[in-house]
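Visitor: Whatever this is, show me its structure:
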Amino acid sequence: MIRLAWPDLGPEELAAVEAVFASGQLTMGPRVQEFEAELARACQVEHAVVVSSGTAALHLSVLALGIGPGDEVIVPAYTFPATANVVALAGAKPVLVDVDPETMNVTPQAVGAGLSERTKAVLVVHLFGRPASWDELRLVVPEDVALLEDAAGALGARSKGRPCGGLGRLGCLSFHPRKIVTTGEGGAVTTDDAEIADAIRRFRHHGIEPRGDFEIRSPGLNYRLPDILCAIGTTQTRRLEHLLEERERLAAGYAERLGDGVGLPSADEGDRHGLQAYVVRTDRRDAALDALAKAGIQAQIGTYALHRLAAYADQGPFPGADAAFERALALPFHNRLSDDDLDRVAEALTSL
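Guide: Residues are numbered from 1 along each chain as shown. Next up, the predicted model:
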């Protein structure tokens, strides 16, 4: 079986975890601040606040901005459901907008058409690590509307030389095992806004003030990330450039073998793709999934067209999201893949 994903973990991560075990401080210790400093450096922001998942990062970002009942947040119609779920759970309305079926990201035109007097934020997803058209989006979104990044799959990606996760008022990262930097589960919020960073720190720790005497002005949650996981993440983040170069090497190997047979991942000129996953586009997606499975190769759909889910079925139609959903195929993508593995995947796809 050729696996879909396999985290790049080794002796450095194991040694970091052993050091935490030896310290006896498993949570809210020095490894948290260490990981946050590495992430802030990678995203070129003043603050990074680590939390228990990428979904927690999205949720706390919405809460920190005071978004709630009566508010609207623009969300891509093609994305992982967490992007919309956190808005709905805060009591606000996720307003879905269509995506470009080739880039699979929102377009400035769709975002502009979705704006209303109730819009409080736009949650822009750099899907699968491809940077969204950020400069064009900034021209469309009014200054009083918060422009947020769902950069869950885009750590290491760059938009015109600027790191994703450092473009918006807030950025949200994920460290799920399929992400370039993993802690198993985990996430982070990145920002240059000190007040927002403090609000995220309060919310992740029951609402307790991050400085001074014990006080809770408003209720919070337990979205902390333990030192054990932060130790892994720190080691991973210090290897970020190497990890991305390895993914670029694999992507080049796929591109050489697949040629024009499928739509390949790409980025706009001047951008660097984060390659969180290797997602191609094919008109025979379901047949490809079947052929790959029969060949002993794990693959899966890209992600979800939200208006096809019961929770968001009252919105649409979104032809771009439909086309993206029906054609997107995630191929095996990790540094344990050999040239023979790439050959097997390409053969299964091109023999359809």
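Visitor: Could you tell me which residues make contact with the residue nearest the centre of the chain?
Guide: The chain has residue 152 as the residue nearest its centroid, 1.4 Å off, counting by CA atoms, centre = their mean. Residues counted as contacts of residue 152 (CB atoms under 8 Å, 6 or more residues apart in numbering) are 54, 57, 80, 125, 172-174, 176, 179, 187, 276. For every residue, glycine as well, the C-beta is placed using N, CA and C.
Visitor: switch the cut-off to 7 Å
Guide: By CB atoms under 7 Å, 6 or more residues apart in numbering, residue 152 lies in contact with 54, 172-174.
Visitor: ok, now residue 25?
Guide: residue 227.
Visitor: Show the model's pLDDT score for it.
Guide: Listed pLDDT for residue 25 reads 95.
Visitor: Spell out the secondary structure type for it.
Guide: Per DSSP: H, G, I helix; E, B strand; the rest coil, the local secondary structure of residue 25 is coil.
Visitor: List the contacts of the biggest strand by length in the chain.
Guide: Using DSSP state E, we find that the single longest strand of the chain is strand 119-125. Under the criterion CB under 7 Å, 6+ apart, residues 65, 67, 71-76, 79, 83, 105-106, 111, 132, 137, 141, 145-150 lie in contact with strand 119-125.
Visitor: Give me the subset of the residues you listed that lies in helices.
Guide: 83, 111, 137 (DSSP state H).
Visitor: For the residue nearest to residue 328 when sequence neighbours are not counted, which phi and psi angles does the backbone take?
Guide: Distance criterion CB to CB, 6 or more residues apart in numbering; nearest residue to residue 328, sequence neighbours excluded, is residue 302 at 2.8 Å. Main-chain dihedrals, residue 302, degrees, to the nearest 10: phi -70, psi -70.
Visitor: pretty sure residue 302 contacts residue 280?
Guide: No. In this structure, residue 302 is not within contact of residue 280 by CB atoms under 7 Å, at 9.0 Å.
Visitor: Now the common contact residues for the two.
Guide: Contacts common to residue 302 and residue 280, judged by CB under 7 Å, 6+ apart, are residue 329.
Visitor: any idea how far residue 71 is from residue 32?
Guide: 31 Å (CB to CB, to the nearest Å).
Visitor: again but with residue 163, I slipped
Guide: Using CB to CB, residue 163 is found at 29 Å from residue 71.
Visitor: higher neighbour count, these two?
Guide: Using other CB atoms under 10 Å, the more surrounded residue of residue 163 and residue 71 is residue 163, with 23 against 18.
Visitor: Would you mark the buried spots in the longest strand of the chain?
Guide: Neighbour-count burial for strand 119-125, counted by 16 or more other CB atoms under 10 Å, picks out 119-125.
Visitor: now the helices: where do they sit in the stretch 201-350 of the chain?
Guide: Taking DSSP state H, counting those that start in this stretch, the helices of the stretch 201-350 of the chain run over residues 227-238, 240-258, 285-294, 319-327, 339-350.
Visitor: Could I get these in TSV, plus columns for mean neighbour count?
Guide: As requested, these are exported to TSV (neighbours: other CB atoms under 10 Å):
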stretch	mean neighbour count
helix 227-238	24
helix 240-258	16
helix 285-294	16
helix 319-327	22
helix 339-350	16
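Visitor: closest one to residue 101 among these?
Guide: helix 319-327 (3.7 Å; CB to CB).
Visitor: contacts for that closest one?
Guide: 77-78, 98-101, 104, 281-283, 285, 302, 304-305, 307.
Visitor: Where does the prediction get shaky in the stretch 101-250 of the chain?
Guide: Residue ranges of the stretch 101-250 of the chain with pLDDT under 70: none are present.
Visitor: any chance you could map the strands in it?
Guide: 119-125, 146-150, 158-159, 162-163, 170-174, 187-191 (DSSP state E, counting those that start in this stretch).
Visitor: related to what we said a few turns ago, ok, which pair from the contacts of residue 152 is furthest apart?
Guide: Among the contacts of residue 152, 172 and 174 lie farthest apart (CB to CB), at 7.5 Å.
Visitor: thinking again about what came up before, which one of the contacts of residue 152 is nearest to residue 216?
Guide: residue 172 (24.2 Å).
Visitor: In CSV, list the ones in helices among the contacts of strand 119-125 along with neighbour count and distance to residue 235.
Guide: Shown next, in CSV, are the ones in helices among the contacts of strand 119-125 (neighbours: other CB atoms under 10 Å; distance: CB to CB, whole Å):
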residue, neighbour count, distance to residue 235
83, 26, 28
111, 25, 37
137, 20, 34
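Visitor: and of these, the nearest to residue 217?
Guide: Among these, and counting by CB to CB, the member closest to residue 217 is residue 83, at 28.2 Å.
Visitor: I'd guessed the closest one sits against residue 55; true?
Guide: No. In terms of CB under 7 Å, residue 83 does not count as a neighbour of residue 55; the distance is 9.0 Å.
Visitor: re earlier: save the ones in helices among the contacts of strand 119-125 as a markdown table, and put in distance to residue 322 too.
Guide: What follows is the ones in helices among the contacts of strand 119-125, written out as a markdown table (distance: CB to CB, whole Å):
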| residue | distance to residue 322 |
| --- | --- |
| 83 | 18 |
| 111 | 18 |
| 137 | 22 |
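Visitor: Just give me the closest of those to residue 335.
Guide: Nearest to residue 335 among the ones in helices among the contacts of strand 119-125, with distances taken as CB to CB, is residue 83, at 27.7 Å.
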